[in-house]
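Asks: After the sequence you'll find the predicted model.
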Amino acid sequence: MTFDSLNIILPILQSLKEEGYTNPTPIQAQSIPIILKGTDLLGCAQTGTGKTAAFAIPILQILSQRKPTERVKLIRSLIVTPTRELAIQIAESFSAYGRHTGLTNTVIFGGVNQNPQVTKLKHGVDILIATPGRLLDLMNQGFISLKQVELFVLDEADRMLDMGFVHDVKKLLAVLPKKRQSLFFSATMPPEIIQLASSILFNPEKVSVTPVSSTVDIIQQYVYFVDKGSKLSLLMEILKDQKIKSVLVFTRTKHGADKVVRFLDKNRIVAEAIHGNKSQNNRQRALNNFKDRTTRVLVATDIAARGIDIDELEYVINFEMPNIAETYVHRIGRTGRAGAKGSALSFCDAEEKEYLRDIEKLINKKIPIIDNHPFPLVDHNPVKEPKHQPRNAPRGRTNQSPKGSRYNSSDRKRES
């Protein structure tokens, strides 16, 4: 199947050819015809399957073929997504696929000065890509009206729920036009997500591509059992291999990401961190440096797991095991994209073995163990700090297990 066979209009086909795309991915082949006929869609697809194009292409076509009901240029399509990085990349996709349509788009997100975003909105925009916090903020200030929205997309819905945005989404639903076409995409479908989808969609058709618990088969996955205190040394050992030109490293915390970067810098390895405490300019600069290979190692927190799309990224390292099994799938999904080869290496200490068991249960496979490395796990049963220490207990350093809890709501919203 080719894009030509999906009844795509010529201006968009031309853009797709210029981008080098001829054959749609499974989710694109299934979703585009459904959206073009005006039906609501419930899409379930893991990261890296091409779902941005699955909704961007038909939205561009629908808006190109419909004349606005008013002369005033109001927002006709709204795409809501959880993170800045993902919002930026979606906007880039709309710009690429729609360059010959005459349609305009802009992206808004928090963490930066709102004035440039407001200026673009005042000039009028057809398609708005937004994170929830900044969207509601600018709506409350009177800079955004959603009364002419024809197509609404909620992307990465399960991530929205995990980051505490469900109440923001419900506020948006209350002001969106009742008569609209809605598209709902999520990598997983727990009961809470199904309930949310039912409040957004009307008689939707369903598209599911690749089981939500699966990992891309082309990715080679390995696990290293290593003491927590030896992980930095193991990372250095792996980076001695000059064949590893670039690697994306995941930590659970912002502090952990910065610590890894400081260590690598001291060892003359060019590294940068990307997480919610970094300014938007710094985050984008770090991402661009990594894409053009001037930075060898990019260290990211899980907030970036679904927002980083880098061509031909071959290596992902889980410096710390994710405490949510589904996050593992999203992390390693940054590599092995579009048929390219990829390797995912995970460092697992004694306290993280339960996370590994959850991951293997989710993906229904045993991850091969690399045991011939210089820093094998020695402390198999670290002493954990009791939940309630005696009042006179010493305050020295303990070997407490990572809490593994998700961000609280205020932390989540700062990330957006």
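Replies: Received it, and whenever you're ready, just let me know what you need.

Asks: could you pull out the strands for the chain?
Replies: Here the chain has its strands, by DSSP state E, at 41-45, 77-80, 105-108, 127-130, 151-154, 181-186, 205-209, 219-225, 247-250, 271-274, 297-300, 315-318, 342-348.

Asks: any chance of the ones you listed in CSV, plus mean pLDDT and mean neighbour count?
Replies: C-beta here means a position set from N, CA and C on the backbone, and glycine is covered the same way. Below are those laid out as CSV (pLDDT from 0 to 100; neighbours: other Cβ atoms under 10 Å):
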stretch, mean pLDDT, mean neighbour count
strand 41-45, 90, 24
strand 77-80, 97, 24
strand 105-108, 96, 24
strand 127-130, 97, 26
strand 151-154, 96, 23
strand 181-186, 94, 24
strand 205-209, 90, 17
strand 219-225, 95, 20
strand 247-250, 95, 26
strand 271-274, 93, 24
strand 297-300, 94, 26
strand 315-318, 96, 25
strand 342-348, 95, 23
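
Asks: And the ones you listed: which comes nearest residue 232?
Replies: Comparison of these against residue 232 by Cβ to Cβ identifies strand 342-348 as nearest, at 9.7 Å.

Asks: In JSON lines: the strands of the chain, plus distance to residue 378.
Replies: Formatted as JSON lines, the strands of the chain follow (distance: least, Cβ to Cβ, whole Å):
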{"stretch": "strand 41-45", "distance to residue 378": "41"}
{"stretch": "strand 77-80", "distance to residue 378": "47"}
{"stretch": "strand 105-108", "distance to residue 378": "48"}
{"stretch": "strand 127-130", "distance to residue 378": "49"}
{"stretch": "strand 151-154", "distance to residue 378": "47"}
{"stretch": "strand 181-186", "distance to residue 378": "41"}
{"stretch": "strand 205-209", "distance to residue 378": "43"}
{"stretch": "strand 219-225", "distance to residue 378": "10"}
{"stretch": "strand 247-250", "distance to residue 378": "23"}
{"stretch": "strand 271-274", "distance to residue 378": "27"}
{"stretch": "strand 297-300", "distance to residue 378": "25"}
{"stretch": "strand 315-318", "distance to residue 378": "20"}
{"stretch": "strand 342-348", "distance to residue 378": "14"}
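
Asks: of those, which approaches residue 285 most closely?
Replies: strand 271-274 (8.1 Å).

Asks: tell me how far the ends of stretch 43-50 are from each other?
Replies: Chord length of stretch 43-50, first to last residue, is 12 Å (Cα to Cα, to the nearest Å).

Asks: How confident was the prediction at residue 74?
Replies: Reported pLDDT at residue 74 in the predicted model: 88.

Asks: Likewise for residue 215?
Replies: Here, the pLDDT recorded for residue 215 equals 62.

Asks: Right, I'll call it a day here.
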